[in-house]
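Engineer: build me a model:
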Amino acid sequence: VLSFIIFICYIASLVTSFFMAPLLEFLLALFLFFAYASKLNEKFKGLYWPLSDFLRCVTAAIIYFAISIAAVSRYNDGASKAAGVFGFVATIVFAIDFYITFNDLVAFLKQGSSESPEERKSEDEVSDSDSD
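Structural biologist: Numbers count the residues shown, from 1 in each chain. Take a look at the predicted model:
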């Protein structure tokens, strides 16, 4: 929703060159929302969905921060200033989402690394019993 509001602000402002970043972010967020809602993430196991969400949050936070600074510092119309302020809010929101998703990724990687030695241990026990 915030990306859509920023998109509308950039369309109404003098900074029409910046409207593509919020539009793409809005469409990507909409796609991921419908992918999770329709359980598409369970059908396609080859793609690690939290990683794609993590990368989306990181790039969105960086891009929103950069274009918000440019919109607030260079342009004087009200819509550009509003888009810049909403962009800073979006940067904070995406940074929080980045932090939450990062913690999920770390938990997943720890879970994967803790299972790996156990699987190796059980495979070694099976191969030892076969050789007896």
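Engineer: next secondary structure element downstream of the strand or helix carrying Leu30?
Structural biologist: Element membership for Leu30, per DSSP states H and E: helix 20-37. Per DSSP H and E, helix 20-37 leads on to helix 40-43 as the next helix or strand towards the C-terminus.
Engineer: which secondary structure element contains Val85?
Structural biologist: In this structure, Val85 sits in helix 78-131 according to DSSP H and E.
Engineer: please read the previous query as pertaining to Leu47.
Structural biologist: Using DSSP H and E, Leu47 sits in no helix or strand.
Engineer: just the one 5 residues further on next, same as before
Structural biologist: Element membership for Ser52, per DSSP H and E: helix 49-74.
Engineer: going by neighbour count, which residues in that helix are buried?
Structural biologist: For helix 49-74, a neighbour-count test (16 or more other CB atoms under 10 Å) marks 52-54, 56-61, 63-65, 67-68, 70-72 as buried. Placement of C-beta: from N, CA and C, glycine included.
Engineer: same check on stretch 20-38?
Structural biologist: Applying 16+ other CB under 10 Å to stretch 20-38 flags Ala21, Pro22, Leu23, Glu25, Phe26, Leu28, Ala29, Leu32, Ala35 as buried.
Engineer: any weak-confidence spans in this protein?
Structural biologist: 112-132 (pLDDT under 70).
Engineer: at 80 instead, please
Structural biologist: Within the chain, the segments meeting pLDDT under 80 span 13-17, 41-42, 44-50, 108-109, 111-132.
Engineer: quick one: residues contacting the closest residue to Gly87 other than its chain neighbours.
Structural biologist: Nearest residue to Gly87, sequence neighbours excluded (CB to CB, 6 or more residues apart in numbering): Ser68, at 3.1 Å. With contacts defined as CB atoms under 8 Å, 6 or more residues apart in numbering, Ser68 is in contact with Ala83, Gly84, Val85, Gly87, Phe88, Ala90, Thr91.
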